[in-house]
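Build me a model:
(chains A and B)
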There are 2 protein chains.
Amino acid sequence: MTAVDPRLSINQATIKYADLATALQVTAGAGVQSIGLWREPVNEVGLDIAARMLSDSGLRFSTHCRGGFFTLPHGPERDAALEDNRQAIEETATLAAAGAEGSTAVLVLVAGGLPAGSRDLVGARERVRDAIGALAPDAKAAGVTLAIEPLHPMYASDRAVVSTLGQALDIAADFDADVVGAAVDTFHVWWDPQVLEQIARAGREGRIATYQVCDWKTPLAADVLLSRHYMGDGVIDFGALTRAVIETGYDRDIEVEIFNADIWADAPADVVRRTAEAFGAAVSPHLP
Amino acid sequence: MTAVDPRLSINQATIKYADLATALQVTAGAGVQSIGLWREPVNEVGLDIAARMLSDSGLRFSTHCRGGFFTLPHGPERDAALEDNRQAIEETATLAAAGAEGSTAVLVLVAGGLPAGSRDLVGARERVRDAIGALAPDAKAAGVTLAIEPLHPMYASDRAVVSTLGQALDIAADFDADVVGAAVDTFHVWWDPQVLEQIARAGREGRIATYQVCDWKTPLAADVLLSRHYMGDGVIDFGALTRAVIETGYDRDIEVEIFNADIWADAPADVVRRTAEAFGAAVSPHLP
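As a prediction, this is how the structure comes out:
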């Protein structure tokens, strides 16, 4: 067994069907030092117990997934979404405090798609900015960074109206850098002709809240949400992107987040081991 | 039957299984005035006969589809691709001359994806520029405009490494505007946060060689290439995009190009009628 990269973090979505106890156990058991959690498995056991389990695992906590869904017009549904995001901010702060030294209090935000029946993409994007404005004071008070995640443009209508890193940074620019940043996920940004300059900009502006890696391969899965692959199995140049991120001074954990039905069907311990190997081969050579 | 918009052009791919004779007949028969052709059905009958058939139809010719596939490294395969593009340029000039008054000699270029086994997206993009440079003198001599078509980023790895209108314009900027322009296709560009400013820029730079419309709807088809829909069936705001194009002074035909297995399975005459209705409802209200 080769050594596991100390900066690797397993995003829990990569082992989607593992409950929290299993996820913590197989991650730590593989020699991985950090984990990103999802709200549903945390809330399944309750926040206090989840925090204790995380603390007992000895793992760092890298991100909490996820808030967002900000594109609704004003009304009770939007109010409920904002309230749910405030809960997610609290969870993030609690888990980051429970994780090992070097944990980071980052809540990943997926903006949300067009409301049903709407064609107003410009308006939906404006509402994302408004919603982040409504949550920024809560995040600041809790010491949590909101990480706007640009999603690949193929999700622009139904999942995230924030489609490029440049657009995420334009939104973040209205807020303090320790309160609102961006998530840089290779799967979502690799195609962007401006990606290297926008990563450099994100670094200058202090906005890279998390760096996440997985690969792109065609044909896409029939459900395009599940088209993410182990690093090295597709076409992404992890060297260029990783070096660009590292050159900004980014020194946090690097998460692997894979949505893939075949990978989800494998045993979680096997997936974590395979993820660590892929990370070691495709990403580690480009780290300092 | 309502009047058919005089600027509507049926791109032959919308009625993929119609041969050239059928395509011309159902298009003209529906009262549509213009058509965009594909190379395969033209070459099935031969260029001279195709030109005569087009002339006899009384239709204008709006674009020829398609050239490109420019990302191969130097070698015999690339040479063959360039030679094939030169043939396509000649076809375009011949067909534009055979079409009714107002025909335009525009060859649509799809850049091509990453060569097999390659992860060098930056290099592939550079080779697109080089290939267009190799073809520009032929296009100029033939009086043909090469229209670089940015394709949706979900095709970046396997079909077109040119992913945004801004990127297409950056490539075109090295050449005369009447020789190299861009294709603006709503399906490919609607999601782009910069789309309105890039359309305005394309207009200022005289680069809008063709404007094509169809709609975006999720879930995407299992083969994402076939996810295009009639205007009005999805989420694209044809008002904002069409007005932006028209404001640049664009006064050419507007093509409808739909790849969709269900639509291809319908009778071509029905598809053309339905396309004209959808165009009249979604696009015509935004034309002068």
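
A:I258 and chain B, how far apart?
As judged by CB to the nearest CB, to the nearest Å, A:I258 and chain B stand 17 Å apart. Quick note: C-beta positions are derived from backbone N, CA and C, even for glycine.

What sits closest to the residue in the stretch 1-150 of chain A that chain B sits nearest to if chain neighbours are left out?
Proximity of the stretch 1-150 of chain A to chain B (CB to the nearest CB) peaks at A:R119, 4.4 Å away. Spatial nearest neighbour of A:R119, excluding adjacent residues (CB to CB, 6 or more residues apart in numbering or on different chains): B:D237 at 4.4 Å.

Please identify the helix or strand for the residue of the stretch 1-150 of chain A closest to chain B.
Per DSSP states H and E: A:R119 is located in neither a helix nor a strand.

isn't it right next to B:M231, touching?
No - using CB atoms under 8 Å, A:R119 is not in contact with B:M231; the gap is 11.2 Å.

In chain A, what residue spans correspond to helices?
A:20-29, A:39-45, A:47-57, A:76-98, A:121-142, A:165-172, A:186-189, A:195-204, A:238-247, A:261-264, A:268-282 (DSSP state H).

tell me which parts of the stretch 101-250 of chain A are close to chain B?
Neighbours of chain B within the stretch 101-250 of chain A, by CB under 8 Å from any CB of the partner chain: A:114, A:118-122, A:125, A:152-154, A:156-158, A:163-164, A:166-167, A:170, A:190-193, A:216-220, A:222-224, A:234-237, A:240.

how does it look with 7 Å?
A:114, A:119-121, A:152-154, A:156-158, A:163-164, A:167, A:191, A:193, A:216, A:218, A:220, A:222, A:224, A:235-237 (CB under 7 Å from any CB of the partner chain).

could you measure the closest residue to A:G232 other than its chain neighbours against A:L135, distance?
The shortest distance from A:G232 to any non-neighbouring residue, by CB to CB, 6+ apart, is to A:A282 (4.5 Å). Counting by CB to CB, to the nearest Å, the gap from A:A282 to A:L135 is 35 Å.

Equivalent analysis for A:G203, please.
Distance, A:G203 to A:L135, by CB to CB: 24 Å.

more neighbours, those two?
Applying other CB atoms under 10 Å in any protein chain shown to A:G203 and A:L135 shows that A:L135 carries more neighbours, namely 24 against 18.

got the contact list for the more buried one?
Contact analysis of A:L135 by CB atoms under 7 Å, 6 or more residues apart in numbering or on different chains lists A:L82, A:N85, A:R86, A:I89, A:L146.

Now the residue of the stretch 1-150 of chain A closest to chain B. Its backbone dihedrals?
Dihedral angles of A:R119 (phi, psi; degrees, to the nearest 10) stand at phi -120, psi 10.

Can I get the buried part of the residues of the stretch 101-250 of chain A next to chain B as one PyMOL selection?
PyMOL command restricting those to the buried ones, with burial defined by 16 or more other CB atoms under 10 Å in any protein chain shown:
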select buried, chain A and resi 114+119+120+121+152+153+154+156+157+158+163+164+167+191+193+216+218+220+224+235+236+237
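
Okay, and which of the residues of the stretch 101-250 of chain A next to chain B map to strands?
A:W216 (DSSP state E).

which non-adjacent residue is nearest A:S9?
That would be A:S34: by CB to CB, 6+ apart, it lies 3.6 Å from A:S9.

thought the one you found was touching A:I254?
No - if you go by CB atoms under 7 Å, A:S34 and A:I254 don't touch, sitting 8.8 Å apart.

Name the residues contacting each of these two.
A:L8, A:S9.

Looking at chain A, which strand is longest?
Longest strand in chain A, counting residues (DSSP E): strand A:60-68.

Dump the contacts of A:L135 to CSV, plus pLDDT.
Shown next, in CSV, are these (pLDDT from 0 to 100):
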residue, pLDDT
A:L82, 97
A:N85, 98
A:R86, 98
A:I89, 98
A:L146, 98
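
Tell me the buried residues within these.
Buried subset of the contacts of A:L135 (neighbour count, 16+ other CB under 10 Å): A:L82, A:N85, A:I89, A:L146.

ok, which pair from those is furthest apart?
A:L82 and A:L146 (12.3 Å; CB to CB).

Tabulate the contacts of A:L135 in a markdown table, adding columns for distance to B:A142.
Putting the contacts of A:L135 into a markdown table (distance: CB to CB, whole Å) gives the following:
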| residue | distance to B:A142 |
| --- | --- |
| A:L82 | 59 |
| A:N85 | 58 |
| A:R86 | 63 |
| A:I89 | 62 |
| A:L146 | 55 |
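
What is the burial count for A:G31?
For A:G31, using other CB under 10 Å, the count is 16.

neighbours of the nearest residue to it once chain neighbours are set aside, just the number please.
Once flanking residues are discounted, A:G31 sits nearest to A:V4: 4.2 Å by CB to CB, 6+ apart. Using other CB under 10 Å, A:V4 is surrounded by 19 other residues.

and A:V4, what does it touch?
Taking CB under 7 Å, 6+ apart, we find A:V4 in contact with A:A30, A:G31, A:V32, A:A276.

again with A:W216
Contacts of A:W216 (CB under 7 Å, 6+ apart): A:F187, A:W190, A:G234, A:V235, A:I236, B:S157.

surely the second one meets A:V235?
No - the pair A:W190 / A:V235 is not scored as a contact, 8.0 Å apart, by CB under 7 Å.

Let me see the contact set for the nearest residue to A:N11 once chain neighbours are set aside.
With CB to CB, 6+ apart as the criterion, A:N11 has its nearest non-adjacent residue at 3.6 Å, and that residue is A:E257. Applying CB under 7 Å, 6+ apart to A:E257 gives the contacts A:N11, A:A13, A:T14, A:Q212, A:C214.
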